[in-house]
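Asks: A predicted structure for the sequence below; I have some questions about it.
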Amino acid sequence: MDRKEINAILEEAIALGKEAIPNGEVASYIPELSKADKNHLGLSIYTKDGRRYNMGDTDVRFTIQSISKIITLAVALEACGPEEIFAKVDVEPSGEAFNSLIDLDTTSNKPKNPMINSGALTVTSLLLNKTTFSEMRVFARKLCQDPEMDLDKAVFNSERANISRNRAIAYLLESKGIIESDVEDTLDLYTKMCSLTVTANSLANLGLTLANDGIDLSTGTRLLKTETVHMIKTIMLTCGMYDSSGEFAVHVGVPTKSGVGGGLVSTVDKEMGIGIFSPSLDEKGNCIAGRPVLEHLSKELKLHIFEWQSRIVDQVKPV
Ligand code: GLN
């Protein structure tokens, strides 16, 4: 496919995304996020052969929110090792809202997975005596190849002032002996990571770094081990869209992680990273335009994980 054909597909995807925007709402439980322009929509694709396709609002900065959970998990897997992490947090889809504490309170002594708040807070707590926010930011900038990635102080202060729900989750985790570090310090580092700014462009870079086995395409530097990247991508596919993860895996079939700032990062193995920004959210807290955009790209570019695999097998079939 040439650039013109791909651009036409991107334009169709953007048009479908725009149709969905009025059906969602910007996040308001973090008051600062409610100031976002609901009509923004940006789509950025960065391919392994170095081509970039940008359409719409790809340079607008917004906060990464829950997409930071994959960065925190990646750092933790490498700093602590998978055994220590998975002794504290499961890797099963939760089927519940990202900020739910029901299952944790009533039936379990382990958060269901590291993509929901209870799991991410636990992972963050394990990093407290191993790293600092400043070191995490340096690493996040490398993973996203975005030197301007920084703390959005207004969003951070706004979330910190409205953190009762996450505080309840964190103290419940402490009461069960799952969090052993200081709870307020854990909340602080978690919220700071959520308040880092990105663009659709930098999310496409992050997606490609994951698609490229943890190697920064621009410098050839390995940033993450293969083992870590495999785990992150699997967890994105099974748990990245909270209680829409199964449905999303069926219809889109590309490992994706969302954030309530309106970001989505998708990773098409060995092929491309996709970054989307559109702050209008569906009732599960996922970017509402992202679903039709990604479904269209998946269908037209044959990106679904199983279709993609059969495409590769076809290519190596003897003629
Ligand atoms: N900072 C947000 C929270 O903890 C992140 C949630 C999200 O992006 N789904 O509530």
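Replies: Yes, it's here. All values reported here derive from a predicted model rather than from experimental measurement.
Asks: gap between the closest residue in space to residue 198 that isn't next to it in sequence and residue 139?
Replies: Ranked by Cβ to Cβ, 6 or more residues apart in numbering and with sequence neighbours excluded, the top spatial neighbour of residue 198 is residue 64, at 4.8 Å. Just so you know, the C-beta spots here come from the backbone N, C-alpha and C atoms, and that holds for glycine as well. Separation of residue 64 from residue 139 (Cβ to Cβ, to the nearest Å): 13 Å.
Asks: what about these two, which has more around it?
Replies: For residue 64 against residue 139, the residue with the higher neighbour count under other Cβ atoms under 10 Å is residue 64, and the figures read 28 against 16.
Asks: quick one: contacts for the more buried one?
Replies: By Cβ atoms under 8 Å, 6 or more residues apart in numbering, the contact list for residue 64 reads 140, 149, 193, 194, 195, 196, 197, 198, 259, 261, 263.
Asks: which members of these additionally contact the ligand?
Replies: Of the residues in these, proximity to the ligand by Cβ under 6 Å from any ligand atom holds for 194, 259.
Asks: could you dump the contacts of residue 64 to a markdown table with neighbour count, pLDDT and secondary structure?
Replies: Compiled in a markdown table, those are given as follows (neighbours: other Cβ atoms under 10 Å; pLDDT from 0 to 100; DSSP: H, G, I helix; E, B strand; the rest coil):
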| residue | neighbour count | pLDDT | secondary structure |
| --- | --- | --- | --- |
| 140 | 25 | 98 | helix |
| 149 | 20 | 98 | coil |
| 193 | 27 | 98 | helix |
| 194 | 26 | 98 | helix |
| 195 | 25 | 98 | coil |
| 196 | 27 | 98 | strand |
| 197 | 18 | 98 | strand |
| 198 | 29 | 98 | strand |
| 259 | 27 | 98 | coil |
| 261 | 29 | 98 | coil |
| 263 | 29 | 98 | strand |
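Asks: tell me where the longest helix sits in this protein.
Replies: Using DSSP state H, we find that the single longest helix of the chain is helix 3-20.
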